[in-house]
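# Sharing a sequence plus its predicted fold:
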Amino acid sequence: MKEPFFIHLNKVTGYYTMASDHFHEPYEIYYLLAGERQYFIKDHTYRVCKGDVVFIDKNELHKTGDVGAPYHERILINFQEKFLAKFDEPLLFEPFRRKNRRLSLNLPEREWIERELFQMIEEDAQSLPGSETALQAKLASLLIWCARKLERQEREMGPDVHESPAHRKISEVVEYINERYASPMSLESVARTHYVSPFHLSRMFKRVTGFSFVEYVNSVRVREAQRLLRETNWKVTRIAEQVGYENIGHFGRVFKQLTKTNPLDYRKAAKRAER
């Protein structure tokens with residue numbers, strides 16, 4: 001996304017599951033107007049209901065999926081960090097840093113936040129003089145309100161957001177992968193480390209996260225490879241080894257499958273975008 005701010009209302013009729021290799025530079029705010037969704041973010045899976053707000057940090061792996069309902073309606077905001085650069089307020093980014101990324105609202109709070117979001121959609125569509133400043137102010141106000149609400153919610157309910165023992169176990173596995181993706185890793189070795197059978201881990205991992213085990217490991221590795229391609233001048237061979245691939249050919253195939261380009265072309269495009 002090239003624009004520093006994007007807001008969109010979307011209605012989806014039928015069943016829909018997001019593509020597995022989804023992460024991006026902008027921050028994301030997801031508000032569910034209707035329906036029910038499953039949302040995997042970083043190392044947690046949330047059941048998102050009508051009136052819930054979800055926060056996704058930049059370059060954070062995430063995926064939404066169905067929970068049986070064939071219809072949902074949501075408002076999505078994406079914004080680059082530079083969009084709020086005029087505000088020197090760390091609290092603006094606090095919702096994207098907390099352990100719990102789902103904010104549940106009561107009816108009066110839903111009515112207030114929906115009015116704010118629809119006013120932002122209208123402001124963005126009209127593109128009147130001063131619209132950018134008005135949107136920056138509304139977004140900053142919304143984020144500060146959400147940060148305070150999340151802190152109160154966590155204080156009252158506790159930080160544990162796992163819905164079941166299975167969700168907690170898979171969260172442990174995902175954290176393990178996120179920390180050790182650069183080392184040799186297989187479904188069998190991870191299952192053995194976490195005292196479950198490979199078959200059970202494979203089924204449970206897919207059901208809870210929406211990813212297969214291999215899809216998730218590859219996505220984490222490729223995301224880190226993209227960061228190294230952008231931020232270092234290392235050779236592709238060194239980057240492949242750094243993120244856990246012993247075979248440069250296999251790394252290239254996986255990278256292209258997930259990003260639709262090869263590592264060198266990705267690096268060139270990233271350098272051009274910085275100019």
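Alright, I've got the coordinates.
# Neighbours of Phe199, how many?
Neighbours of Phe199 under the rule other C-beta atoms under 10 Å: 10. Where you see a C-beta, it was placed from the backbone N, CA and C, and this is true even at glycine.
# Show residues contacting the strand or helix carrying it.
Taking DSSP states H and E as the criterion, the element that holds Phe199 is helix 198-209. With C-beta atoms under 8 Å, 6 or more residues apart in numbering as the test, helix 198-209 has contacts from 40, 45, 63, 166-167, 169-170, 173-174, 187-188, 190-191, 194, 196, 211-213, 216.
# what about the strands in this protein?
Taking DSSP state E, the strands of the chain run over residues 5-13, 27-34, 36-41, 44-49, 52-56, 62-65, 71-79, 102-104.
# so which of the ones you listed comes closest to Leu135?
strand 5-13 (6.0 Å; C-beta to C-beta).
# Now the buried members of the contacts of helix 198-209.
Among those, those buried by neighbour count (16 or more other C-beta atoms under 10 Å) are 40, 45, 63, 167, 169-170, 173-174, 187, 190-191, 196, 211, 213, 216.
# hmm, back to that, identify each buried residue in the helix holding Phe199, please.
Leu201, Ser202, Met204, Phe205, Val208, Thr209.
# quick one: it to strand 36-41, angle?
110 degrees (axes from the mean of the first three to the mean of the last three C-alpha atoms, to 10 degrees).
# which regions of the stretch 1-150 of the chain lie under the pLDDT threshold?
Applying pLDDT under 70 to the stretch 1-150 of the chain flags residues 1-2, 15-21.
# Ok, the stretch 151-275 of the chain next?
Per-residue confidence for the stretch 151-275 of the chain (pLDDT under 70) gives these ranges: 158-163, 275.
# can you give me the helices in it?
165-180, 187-193, 198-209, 213-231, 236-242, 248-259, 263-274 (DSSP state H, counting those that start in this stretch).
# mind giving me the domain ranges of the chain?
The record's domain parsing of the chain by automatic domain parsing lists 5-157, 165-274.
# so how many other residues sit close to Glu114?
Glu114 has 15 nearby residues by other C-beta under 10 Å.
# nearest spatial neighbour of it, skipping sequence neighbours?
Of all residues not flanking Glu114 in the chain, Leu33 sits nearest, at 7.2 Å (C-beta to C-beta, 6 or more residues apart in numbering).
# Name the residues linked to Tyr31 by a beta bridge.
Beta bridges link Tyr31 to Val53, Ile75, judged by DSSP bridges.
# To what extent is Asp57 buried, counted in neighbours?
If we define neighbours as other C-beta under 10 Å, then Asp57 has 18 of them.
# Now do the contacts for it.
Per C-beta under 8 Å, 6+ apart, neighbours of Asp57: Tyr27, Lys42, Phe96, Arg97.
# and stretch 35-45, how far from the chain's centre?
Mean-position distance between stretch 35-45 and its chain equals 9 Å (C-alpha atoms, centre = their mean, to the nearest Å).
# Do me a favour and get the end-to-end distance for that stretch?
17 Å (C-alpha to C-alpha, to the nearest Å).
# And for stretch 205-222?
End-to-end distance (C-alpha to C-alpha), stretch 205-222: 19 Å.
# circling back: what would the strands of the chain look like in JSON lines with distance to Ser131?
Listed next are those as JSON lines, based on distance: least, C-beta to C-beta, whole Å:
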{"stretch": "strand 5-13", "distance to Ser131": "10"}
{"stretch": "strand 27-34", "distance to Ser131": "18"}
{"stretch": "strand 36-41", "distance to Ser131": "30"}
{"stretch": "strand 44-49", "distance to Ser131": "30"}
{"stretch": "strand 52-56", "distance to Ser131": "23"}
{"stretch": "strand 62-65", "distance to Ser131": "29"}
{"stretch": "strand 71-79", "distance to Ser131": "14"}
{"stretch": "strand 102-104", "distance to Ser131": "26"}
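# Nearest to Ser127, out of those strands?
Here strand 5-13 is closest among those (C-beta to C-beta), at 11.6 Å.
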